[in-house]
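**Q** here is a sequence with its predicted model. Questions after.
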Amino acid sequence: MRAMVELINGWIAPVAAGPIIGSFLGVLVRRLPEGRGVATGRSACEACGHALGPAELVPVLSYLAQRGRCRACGAKIAPMHLYIELAATAVAISAALGVPAGPFLWVSCGLGWALLTLGWIDAGSFLLPDVITLPLLLAGLAEAFFLEPERLTDRALAAALAYTALWALALAYRWLRGRDGLGLGDAKLLAAGGAWLGTAPLPYAMLAGALLGLGWAGGMRLRGVAVSATTRLPFGPFLAAGIWLAWLLAG
């Protein structure tokens, strides 16, 4: 019974932190693509400029209490803020289900939250910021160095192979089609995935991402949206999801 209580208590903190982290991720998602500072400037209503007070910044609860509208002017608040707070909580829950409670659970959550941020940004702006992808890659190698030193070489090799593979694929697509099909941001994201996963799970992450992307495109066609060879779709969200799935299953 004591072990069960300790296990549950170990899960409570990261899961409870999910909405708070999600609130910060929402700031990143909105500001990074626009080149705005993340640590400067108070959060404010985008319609009237009303500076949000502490009671208006409580994750999830503030949005629900205000019924999704600004308390000052009544303008609709972008539901993205609620969605990403819930998504960050879901990341923590999925990590807790697959990883023993303890410091490594926080490491796993950190990976999931970073992937969530990258996927969300790419979905809205076709951008995978180096300010997140490159530290994520280094963090994966650092995790291996401190926690799994015997896998450091394999992780570094996976990162190099992942970047090279997508870089070569992007180059070949441009040569064959005369236009860009994959961005180097996707290559950097997959390299970061390699730094966390290693060589064995990496192909499954890429396969999962490709299947999710194809499934999304198929769903668009079923909804009557025209999809062709020239339709621009972000690959980052699906690749991030594939990396996260591979990480959870490999763990």
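**A** Yes, it's here.
**Q** show residues contacting stretch 25-32.
**A** Residues outside stretch 25-32 that contact it (CB atoms under 8 Å, 6 or more residues apart in numbering): 36-38, 43, 80-81, 84-85, 88, 113, 116-117, 120-121, 124, 127, 129, 131-132. In this view, the C-beta of every residue, glycine as well, is placed from N, C-alpha and C.
**Q** going through those, which ones are buried?
**A** Among the contacts of stretch 25-32, those classed as buried by neighbour count (16 or more other CB atoms under 10 Å) are 43, 81, 84-85, 88, 113, 116-117, 120-121, 127, 129, 132.
**Q** looking at the contacts of stretch 25-32, which are in helices?
**A** Among the contacts of stretch 25-32, DSSP state H puts 80-81, 84-85, 88, 113, 116-117, 120-121, 124, 131-132 in helices.
**Q** what's the span of stretch 121-135 from first residue to last?
**A** End-to-end distance for stretch 121-135, by CA to CA, to the nearest Å: 16 Å.
**Q** for this protein, which segments count as helices?
**A** Going by DSSP H, the chain shows helices at 2-31, 61-65, 80-98, 103-125, 130-147, 152-177, 184-197, 202-222, 236-250.
**Q** and those helices, which is most packed in?
**A** Burial of those is given as mean neighbour count (mean count of other CB atoms under 10 Å); helix 184-197 ranks first at a mean of 26.
**Q** work out the gap between it and the centre of the chain.
**A** In this view, helix 184-197 has its centroid 12 Å away from the chain centroid, taken as CA atoms, centre = their mean, to the nearest Å.
**Q** same question, stretch 111-125
**A** Taking CA atoms, centre = their mean, one finds stretch 111-125 lying 3 Å from the centre of the chain it belongs to.
**Q** distance check, the closest residue to C70 other than its chain neighbours against E85.
**A** With sequence-adjacent residues excluded and distances taken as CB to CB, 6 or more residues apart in numbering, C70 is closest to C45, at 4.3 Å. Distance, C45 to E85, using CB to CB, to the nearest Å: 17 Å.
**Q** same check on A96?
**A** 17 Å.
**Q** disregarding residues adjacent in the polypeptide, which is nearest to L82?
**A** L82's closest residue in space is Y63 (CB to CB, 6+ apart), at 4.5 Å.
**Q** identify the residues contacting that neighbour.
**A** If you count contacts by CB under 8 Å, 6+ apart, then Y63 has I77, P79, H81, L82, E85 around it.
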